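*Asks:* following is a predicted model, sequence given first.
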There are 2 protein chains.
Amino acid sequence: MSRAAASLAAPAREGVGTAAPLLAELRDALGAAHVLKGADAEGHLTDQHRRLTGRALAVVRPADTAQVAQVVRLARRHRTPIVPQGGNTGLMGAATPDGSGRAIVLSLARLNRVRAVDTDNDTLTVEAGAVLAAVQQAAREAGRLFPLSLGSEGSCTIGGNLATNAGGTQVLRYGNARELVLGLEVVTAEGEVWNGLRGLRKDNTGYALRDLYVGSEGTLGIITAATLKLYPLPQSQHTALLAFGCIHDAVAFLGAARAGFGAGLTAFELISDTALGLIAQHVPEQPIPLDLGAPWYALIELSDSEGEAHARERFESVVGQAFEDGLVADAAIAESLAQSEALWRLRDEALGEAQKRDGRNVKHDVSVPISRIPDFLAATAAALQERFPGVRPVAFGHLGDGNLHYNVSHPAGGSPADVFAVEDAIHETVHDSAHAHGGSISAEHGIGQTKRDLLPRYKSAVELDLMRRLKAAFDPLGLLNPGKVLPPAASPLRLHFDEIPAP
Amino acid sequence: MSRAAASLAAPAREGVGTAAPLLAELRDALGAAHVLKGADAEGHLTDQHRRLTGRALAVVRPADTAQVAQVVRLARRHRTPIVPQGGNTGLMGAATPDGSGRAIVLSLARLNRVRAVDTDNDTLTVEAGAVLAAVQQAAREAGRLFPLSLGSEGSCTIGGNLATNAGGTQVLRYGNARELVLGLEVVTAEGEVWNGLRGLRKDNTGYALRDLYVGSEGTLGIITAATLKLYPLPQSQHTALLAFGCIHDAVAFLGAARAGFGAGLTAFELISDTALGLIAQHVPEQPIPLDLGAPWYALIELSDSEGEAHARERFESVVGQAFEDGLVADAAIAESLAQSEALWRLRDEALGEAQKRDGRNVKHDVSVPISRIPDFLAATAAALQERFPGVRPVAFGHLGDGNLHYNVSHPAGGSPADVFAVEDAIHETVHDSAHAHGGSISAEHGIGQTKRDLLPRYKSAVELDLMRRLKAAFDPLGLLNPGKVLPPAASPLRLHFDEIPAP
């Protein structure tokens, strides 16, 4: 749909003539300082991975919701596509314009105010451009927890987190971004403002617009503000690194930990022996408190609402029982905040750094039902060895969510070029395996432009058709982030009802 | 939209001629025993409250998803509306056909199989017609909890629960029905099957179709099966009835309980003095373990993942601290399962029975942000007394979700006719107040036909327009549960893009 609709729009390149009036109107509306071109715009045109670079008429920086709506109306009048952008930290290119130079990039960065904190209602209302770390900080200052937490939290924005339904390390307990939002304010494709900023835990007065906008990657509307859920701050947190004799034991211990810790289990991060070995080899400054040699490890975190002594007692009870049951082979329990932070650094920083120093690898973000993780791992490793002998799978991720970052590194003695030469075939092997095990080819990173054309292989025609209908209903001109999420269709819509003769 | 679309369909009354072929085709497809008419159909044509009765061509009972799809295709070919129905326990008339007799009622009752239980993934896949209590039981048999719990659980179906995004008493901890489902199977308006039965906690591969179908009351598609989330069974549960000196204390104690119990706080049911007084007056067989005289009471429940001793210690610690802080005026803590069940009977049964014996009252299901509950209660009571002197508000509900069942009983010495004579004006008073306090006019009961025409007063034109676009996109012929949820529009769609001249 988006392509078909985009082709209806008149081309509008500055210099060719038709772009100049729009740019003049944008400068009038926002001030010339907030319509960026040339070097000022450059940082907005390349994605986080530096693998995609697009072009744009301009990068515009509205100051508030009213200006966002105004930009949309102006762009719409000129049939100019809009690429919304938050912190530009997405991994799938959803915030990067295409190469045509026809679009404007709409940065939400200046909409970064905390509008309200309500501790009795446990909600915080914040604008889309607020950086995630600043949102976490605002919650902490109010004595509350905003639990969304991910690697880029120092630069990603809450609007981008919501537009991509971000995951991260606390999903096991608190859910994805979609589950952390009660209300949204959205600018529609018509440049109208939908004020859905409700701080309500129950509201059954119509269709789930909020949930639909979340995860739509700027293709259905532009999120400008959100009312978020807050939680009590935990009194105490305990972290440990555990070793398992096989993947089945790790899955069984996850079940035991869910039962024993209840909602206190806030993280269960799986790490393969290969991944831990890369850290030992390439990041010697990172302490690893367990012997290498087990096939699987996990970093687990218990967040306790009572306090230190209770947390320690629970930890020892549940992990101790797992030792007795033979589920856990070895354990290193952090005895201080510093030790706990060192364990999290292992997961959050050293793991990425080790892979970087080992040479870039081919990355995936898949999920399967937790019960199928062991079979998925065995089948995927076998399929990779069969097609690409010697490649080294580096598997880690959020086992509690069934979400693995299953990366594929070059054979020992080789170089990254070995895997990148067959990158698409490696993707296909891993994605086919995830799909065959009832899984998803994008657990938390979204679709953007990078995975867009993979969807028809893994989604039914019925589902793609429903998605295209949504897009056409909310953005009939195809001006909101065109070319993202939805693969091009042979025909714009399947018009069933015209095919059926009336009785 | 639905009305406009419905008017396009040819009328099809049996006996008039055009209905007979459809009925014959339905009998061929399902067997004559599953196409009910006359007395057999009657129970399906009146709602739970016995306030609405409709007519239908027939009530059809398909056996499985393929038959549901076949029924939809047949009805579609004859342009015949379809009213999906689960346990027919809805409170807003969403499952009751209109009076035209043009529609068929599609009962999901025969789709009641448990398709799969996966304890490693903590999921259960079940068909839409399964009764909620049977789903809870299947989970318990697998050693797990399915936490959705509401008054009608012995007869409502999981499909209806999902179609209306049911709430209930455990929302505080586990969320509404929408948050308890991972995947859906849905028959579309075209009679195609969308297989979205994914048991994944993370899947960011497109628009949130699942969340959109949930709560759409059968107007966008027909849910035929669902993959549900399971939780560990709590080791121990403690229940107490507390008395508060004012509503502010109840709100403050809710915050203390959330912090002190963490996710262990599974219920916080507010009960006003008037409501408790009605029980004392009309249901003398119900024990009330506290003195009457406080303005507010609450039944709270702590679910503990550790065991009896820990639960008791936590309960005493948190409630004890609240006593010391002067938040709680009095408390009766259940010392046995029997005492706990008696407290829940007070809330779940005696409260309803007392109102019934006192004489029917005018009922509401509103929510406001928890922080605004005290102001809402004061303002609503004042507005009611001003307009309807002497009426007795009977307020109770799920304080933890900001959701109150704010009912209005006739003045002492009067009769129910006093309030039903001004029913609409009472609704308007209560709904206006909820709206003015940032709230919702339907927290958990949905819209159906009963509240449909109230929406334009409380929802923006932008939101209603987006809802109508969704309906038109998913059900272009307007055959799925027409006349429900969406208020009739002056014009079918606001076609903004046609109003704007091209540049």
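*Replies:* Cool, the structure landed.

*Asks:* check the secondary structure at the closest residue to residue A:460 other than its chain neighbours for me.
*Replies:* Distances taken as Cβ to Cβ, 6 or more residues apart in numbering or on different chains put residue B:195 closest to residue A:460, at 6.6 Å, once the chain neighbours are dropped. Any C-beta I mention is one placed from the backbone N, CA and C, and that applies to glycine too. Under DSSP: H, G, I helix; E, B strand; the rest coil, residue B:195 falls in the strand class.

*Asks:* report the contact partners of residue B:195.
*Replies:* Listed by Cβ atoms under 8 Å, 6 or more residues apart in numbering or on different chains, the contact set of residue B:195 reads A:460, A:462, B:185.

*Asks:* give the burial count for residue A:307, as a bare number.
*Replies:* For residue A:307, the tally of surrounding residues (other Cβ atoms under 10 Å in any protein chain shown) stands at 11.

*Asks:* kindly export stretch A:112-120 (C-alpha atoms) in PDB.
*Replies:* Extracted in PDB, the C-alpha atoms of stretch A:112-120 (Å, rounded to 0.1, in the frame of the first residue of the first chain):
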ATOM      1  CA  ASN A 112      10.900  16.000  26.100                       C
ATOM      2  CA  ARG A 113       8.900  17.400  29.000                       C
ATOM      3  CA  VAL A 114       7.600  15.400  31.900                       C
ATOM      4  CA  ARG A 115       4.000  16.700  31.900                       C
ATOM      5  CA  ALA A 116       2.800  15.100  35.200                       C
ATOM      6  CA  VAL A 117       3.700  12.600  37.900                       C
ATOM      7  CA  ASP A 118       0.900  11.000  39.900                       C
ATOM      8  CA  THR A 119       2.200   8.800  42.700                       C
ATOM      9  CA  ASP A 120      -1.300   7.900  44.000                       C
END
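
*Asks:* now the helix or strand where residue A:408 lies: how far from the chain's centre is it?
*Replies:* Per DSSP states H and E, residue A:408 falls inside strand A:403-409. With Cα atoms, centre = their mean, to the nearest Å as the basis, strand A:403-409 stands 15 Å off its chain's centre.

*Asks:* who are the packing partners of it?
*Replies:* Counting contacts by 3 or more Cβ pairs under 8 Å, 6 or more residues apart in numbering or on different chains; DSSP states H and E, strand A:403-409 is packed against helix A:351-358, strand A:366-367, helix A:373-387, strand A:392-398, helix A:423-436.

*Asks:* show me how the record splits chain A into domains.
*Replies:* A:28-233, A:234-280+A:287-346 (the TED database).

*Asks:* now do the strands in the stretch 101-250 of chain A.
*Replies:* A:104-107, A:114-118, A:123-127, A:144-145, A:181-187, A:193-196, A:222-229, A:231-232, A:236-244 (DSSP state E, counting those that start in this stretch).

*Asks:* what residues sit buried inside the longest one?
*Replies:* What that stands for is strand A:236-244. A:236-244 (16 or more other Cβ atoms under 10 Å in any protein chain shown).

*Asks:* contacting residues for residue A:269?
*Replies:* Residue A:269 is in contact with A:169, A:298-300, A:347, A:396-399, counting by Cβ under 8 Å, 6+ apart.

*Asks:* now do residue A:408
*Replies:* Contacts of residue A:408 by Cβ under 8 Å, 6+ apart are A:361-362, A:364, A:384, A:388, A:391-394, A:419, A:426, A:430.

*Asks:* excluding covalently adjacent residues, which one is nearest to it?
*Replies:* Nearest in space to residue A:408, with sequence neighbours left out and distances taken as Cβ to Cβ, 6+ apart, is residue A:362 at 4.5 Å.

*Asks:* ok, now which ones touch that neighbour?
*Replies:* By Cβ under 8 Å, 6+ apart, the neighbours of residue A:362 are A:407-408, A:419-420, A:423, A:426-427.

*Asks:* now do 6 Å
*Replies:* With contact set as Cβ atoms under 6 Å, 6 or more residues apart in numbering or on different chains, residue A:362 has these partners: A:408, A:419, A:423, A:426.

*Asks:* got the strands of the stretch 101-250 of chain A as a markdown table, with distance to residue A:152 and mean pLDDT columns?
*Replies:* Shown next, in a markdown table, are these (distance: least, Cβ to Cβ, whole Å; pLDDT from 0 to 100):
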| stretch | distance to residue A:152 | mean pLDDT |
| --- | --- | --- |
| strand A:104-107 | 16 | 98 |
| strand A:114-118 | 20 | 98 |
| strand A:123-127 | 17 | 98 |
| strand A:144-145 | 19 | 96 |
| strand A:181-187 | 18 | 98 |
| strand A:193-196 | 26 | 98 |
| strand A:222-229 | 18 | 98 |
| strand A:231-232 | 21 | 94 |
| strand A:236-244 | 21 | 94 |
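
*Asks:* switch the ones you listed over to a markdown table; also include distance to residue B:223.
*Replies:* A markdown table is the format used below for these (distance: least, Cβ to Cβ, whole Å):
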| stretch | distance to residue B:223 |
| --- | --- |
| strand A:104-107 | 37 |
| strand A:114-118 | 34 |
| strand A:123-127 | 30 |
| strand A:144-145 | 34 |
| strand A:181-187 | 24 |
| strand A:193-196 | 24 |
| strand A:222-229 | 26 |
| strand A:231-232 | 30 |
| strand A:236-244 | 39 |
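
*Asks:* which parts of the stretch 251-400 of chain A are helices?
*Replies:* In the stretch 251-400 of chain A, the segments counted as helices under DSSP state H, counting those that start in this stretch are A:273-282, A:308-324, A:337-345, A:351-358, A:373-387.

*Asks:* average pLDDT for the third one?
*Replies:* Across helix A:337-345, the average pLDDT comes to 93.

*Asks:* need the CA coordinates for that helix. PDB is fine.
*Replies:* Written as PDB, here are the backbone C-alpha positions of helix A:337-345 (Å, rounded to 0.1, in the frame of the first residue of the first chain):
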ATOM      1  CA  LEU A 337      26.200  -4.000  44.700                       C
ATOM      2  CA  ALA A 338      29.600  -3.800  42.900                       C
ATOM      3  CA  GLN A 339      29.600  -7.500  42.300                       C
ATOM      4  CA  SER A 340      26.000  -7.300  41.000                       C
ATOM      5  CA  GLU A 341      26.900  -4.500  38.700                       C
ATOM      6  CA  ALA A 342      29.900  -6.500  37.400                       C
ATOM      7  CA  LEU A 343      27.600  -9.400  36.500                       C
ATOM      8  CA  TRP A 344      25.300  -7.000  34.600                       C
ATOM      9  CA  ARG A 345      28.300  -5.500  32.800                       C
END
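
*Asks:* residue A:193 and chain B, how far apart?
*Replies:* 7 Å (Cβ to the nearest Cβ, to the nearest Å).

*Asks:* ugh, wrong one, residue A:365
*Replies:* For residue A:365 relative to chain B (Cβ to the nearest Cβ), the value is 9 Å.

*Asks:* could you report the neighbour count for the residue nearest to that residue when sequence neighbours are not counted?
*Replies:* Counting by Cβ to Cβ, 6+ apart, residue A:445 is the residue found nearest to residue A:365 once chain neighbours are left out, at 4.5 Å. Using other Cβ under 10 Å, the number of residues around residue A:445 comes to 24.

*Asks:* so residue A:441 makes contact with residue A:431?
*Replies:* Yes. Look at residue A:441 against residue A:431 with Cβ atoms under 6 Å: they come within range, at 4.4 Å.

*Asks:* show me what contacts residue A:288?
*Replies:* residue A:280 are the contacts of residue A:288 under Cβ under 6 Å, 6+ apart.
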